[in-house]
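> pasted the sequence and its predicted model underneath.
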Amino acid sequence: EILYLLSNSTGNILDDTVLIDTLAQSKVTSEEIKEAMKEAKVIEEEIEANSELYRPVAKRASLLYFVVADMGFVDPMYQYSLQWFTALFVKGCQNSPGASEVGKRVENLNDFFTQSIYNNVCRSLFERHKLLFSFILTIKILQGDNNVDSTEYRFLLSGIAPTRVKLPMPTSGWLETNVWEELCEMSGLPALSKCAETFEANLEKWQEIFESAEPHKFTFPAPMDKITPLQRLCLLRCLRRDKVELAMQDFICEYLDERYIQPPPFNLKSCYLDSDPATPLIFILSTGSDPNKDLDLLAEEMNMTERLQRIALGQGQGKKASTLVEKSLVNGDWVMLQNCHLSISWMPTLEQICEGFEPDKIHSEFRLWLTSMPSPAFPTSVLQNGVKVTKEPPAGIRANLTNTYQKLTNETCKRTDKPEEYAKLLFGLSFFHAIVVERKKYGPLGWNIPYEFNDTDMDITAAQLALYVDSYEHIPYKVLQQLASVVNYGG
């Protein structure tokens, strides 16, 4: 405006009151802008200073993301998108406990989000990979704080040290050549350099540890009594490799806590609540697993039993599946497409269907359920953006019992006219089922044939317990024992 008035001014400029007033007003405005910029700079500095206080949260989140992203190397089904991770992070910031002090707030955010990531990722992992995930999570957090020696970690993974000590093997009736060779290799690590050198002086103590059922619980002889948990893992790797897994659990508890070695129990409703109509829910199958019963129970709870549609994918079923999904998007049915790994040629079409979902145009009750064995042909984009869940018997007797008790209600325990006796029988059955399932991991020492005991065996036996408890005045324990052990599980 000033330029316009100057160019169109006639006569003496000093006589142009409009121009003079405009110039005066512009000077005032300029001063106001300078003042506002000063205030903005102060605010920007305050924001930056406050942001710096929360940098540990950003650092922890970035560490966790790369742990999650690397799980794809373990199994092709373990795919997670940055979008999914970011949404989980935002939810964690909203739901974590508040605190008046910034330091405590940062601690709460890190603890809550780490636990949230563990729970959400664990439900999509096979049992054999859950401890691995917890261990990598712990190591990555420690690496972020520069608390992991890279040469020690490399030795734990590969058995290779920067240098090697050459010493003659002590004479004994228990020490094996390969164990001594690995101890000499490990002694090439600076912090463990005295191990092989002082080994013979403590031979009896080392033999006691070597022959113990719990070598990971022992205090090692000096000077190995003051080594770090990671160095203990390295030593056990040489001495008793079969106990490294248990030592890993102690390692995780040392730096995080017990929550990270106790995976959350299977909870399909929780997975459903974390989804939306445009997010597919994916069951990652293992041999013998069948999620149909759990889905039927959830459908019954959500009043969707009559609206649950199933198609087993295979030759010629792709077109039917596409048509069913199109109809259900409008009328709000649940669609379950089973055995996606058997219809590899149709997987690109599935990817297109999922990418074409428009949340605004989908019925709010619609859900797409997919089941598949691990397969590199399964669409990555569907895996990354879907809610993944595995259904396997939990690892360990305690986890098995927890999983069983999680499903019990007061109505279930009081379903007979002798609730106290029935509850005791149910507890005995639960413990028996947990032991039977757990013995599978011992191979031929557990069962000569890898039987697939599952929840169906447990449910049938529990129903028979209730029937016989109600039918007889005196509970026929021998009959129930025969039915459970010989007929249901032994048959």
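Perfect, I can see it now.

> buried ones in stretch 385-401?
For stretch 385-401, a neighbour-count test (16 or more other Cβ atoms under 10 Å) marks 385-396, 399-401 as buried. Every residue, glycine included, has its C-beta placed from N, CA and C.

> can you tell me which of those residues are in helices?
When DSSP state H is applied, the buried residues of stretch 385-401 are split such that 385, 399, 400, 401 fall in helices.

> neighbours of the residue lying closest to the third one once chain neighbours are set aside, just the number please.
Just to be clear, that refers to residue 400. In space, not counting the residues next to it along the chain, residue 400 is nearest to residue 434; the distance is 3.6 Å by Cβ to Cβ, 6 or more residues apart in numbering. By the criterion of other Cβ atoms under 10 Å, residue 434 has 22 neighbours.

> again, but for residue 458
24.

> and it, what element?
Using DSSP states H and E, the element containing residue 458 is helix 455-471.

> how about residues contacting that helix?
By Cβ atoms under 8 Å, 6 or more residues apart in numbering, the surrounding residues in contact with helix 455-471 are 293, 404, 415-418, 421-422, 425-426, 429-430, 433, 475-476, 479-480, 483-484, 488-489.

> give the next helix or strand downstream of that helix.
Sequence order places helix 477-481 as the next helix or strand after helix 455-471, per DSSP H and E.

> name the surrounding residues that touch that following helix.
425, 464, 465, 468.

> just the pLDDT at the second one, thanks.
To tie it back to what came earlier, the one meant is residue 464. Predicted confidence (pLDDT) at residue 464: the value is 87.

> from the chain's centre, how far out does the helix of greatest length in the chain sit?
Scanning the chain for the helix with the most residues, using DSSP H, yields helix 17-53. Relative to the mean C-alpha coordinate of its chain, helix 17-53 is positioned 50 Å out (Cα atoms, centre = their mean, to the nearest Å).

> make sure residue 83 is actually in contact with residue 386.
No: taking contact to mean Cβ atoms under 8 Å, the distance of 11.8 Å between residue 83 and residue 386 leaves them out of contact.

> about what we covered before: from the contact counts, what lies against the helix or strand containing the residue nearest to residue 400?
Assigned by DSSP H and E, residue 434 belongs to helix 419-438. Using 3 or more Cβ pairs under 8 Å, 6 or more residues apart in numbering; DSSP states H and E as the contact test, the elements touching helix 419-438 are helix 397-406, helix 410-413, helix 455-471.

> distance from that helix to the middle of the chain?
On the basis of Cα atoms, centre = their mean, the separation between the geometric centre of helix 419-438 and that of its chain is 29 Å.

> so which bits of that helix are buried?
Of the residues in helix 419-438, those with enough neighbours to count as buried (16+ other Cβ under 10 Å) are 422, 425, 426, 429, 430, 432, 433, 434, 436, 437, 438.

> who's in contact with whichever strand or helix holds residue 108?
Mapping residue 108 onto the secondary structure by DSSP H and E places it in helix 102-122. For helix 102-122, the external contacting residues (Cβ under 8 Å, 6+ apart) are 50, 53-54, 56-57, 60-61, 64, 68, 71, 80, 88-89, 91-93, 95-99, 130, 133-134, 137, 141, 256, 259-260, 263-264, 274.

> check contacts around the nearest residue to residue 419 once chain neighbours are set aside.
What sits nearest to residue 419 in space, not counting adjacent residues and going by Cβ to Cβ, 6+ apart, is residue 413, at 6.3 Å. By Cβ under 8 Å, 6+ apart, the residues touching residue 413 are 419, 422, 423, 426.

> run through the stretch 351-491 of the chain and note the low-pLDDT ranges.
Judged by pLDDT under 70, the stretch 351-491 of the chain has its weakly predicted residues at 393-394, 491.

> hmm, 90 instead?
355-361, 364, 373-377, 381, 385-386, 390-491 (pLDDT under 90).

> dump the residue contacts of residue 405.
Under the criterion of Cβ under 8 Å, 6+ apart, the contact partners of residue 405 comprise residue 430.

> separation between the residue lying closest to residue 191 once chain neighbours are set aside and residue 445?
In space, residue 191 comes closest to residue 231 once its chain neighbours are excluded; the distance is 5.7 Å by Cβ to Cβ, 6+ apart. Relative to residue 445, residue 231 is positioned 32 Å away (Cβ to Cβ, to the nearest Å).

> neighbour-wise, which of these two wins?
Of the pair residue 231 and residue 445, residue 231 is the one with more neighbours under other Cβ under 10 Å, namely 21 against 8.

> check which helix or strand covers the more buried one.
helix 229-239.

> now the element after that helix, going C-ward?
Past helix 229-239, heading to the C-terminal end, the next element that is a helix or strand (DSSP H and E) is helix 244-255.

> from residue 136, how far off is residue 125?
11 Å.

> then residue 119?
Distance from residue 119 to residue 136, counting by Cβ to Cβ: 16 Å.

> number of residues surrounding the nearest residue to residue 259 once chain neighbours are set aside?
For residue 259, the nearest residue in space outside its immediate sequence neighbours is residue 115; the separation is 6.3 Å by Cβ to Cβ, 6+ apart. When neighbours are defined as other Cβ under 10 Å, residue 115 has 17 of them.

> please apply the same query to residue 147.
Counted with other Cβ under 10 Å, the burial measure for residue 147 works out to 12 neighbours.

> show the pLDDT at residue 283.
Model confidence at residue 283 (pLDDT) stands at 92.

> check contacts around it.
By Cβ under 8 Å, 6+ apart, the residues touching residue 283 are 289, 291, 369, 370, 371, 372, 389, 390, 391.

> dihedrals phi and psi, the closest residue to the fourth one other than its chain neighbours?
Of all residues not flanking residue 370 in the chain, residue 282 sits nearest, at 4.8 Å (Cβ to Cβ, 6+ apart). For residue 282, the backbone dihedrals (degrees, to the nearest 10) come out as phi -120, psi 120.

> please look at residue 282 and residue 374 and confirm they touch.
No: shown here, residue 282 and residue 374 do not form a contact pair, counting by Cβ under 8 Å, at 11.2 Å.

> mind listing the shared neighbours of those two?
Common neighbours of residue 282 and residue 374 (criterion: Cβ under 8 Å, 6+ apart): residue 77.

> lovely, talk soon.
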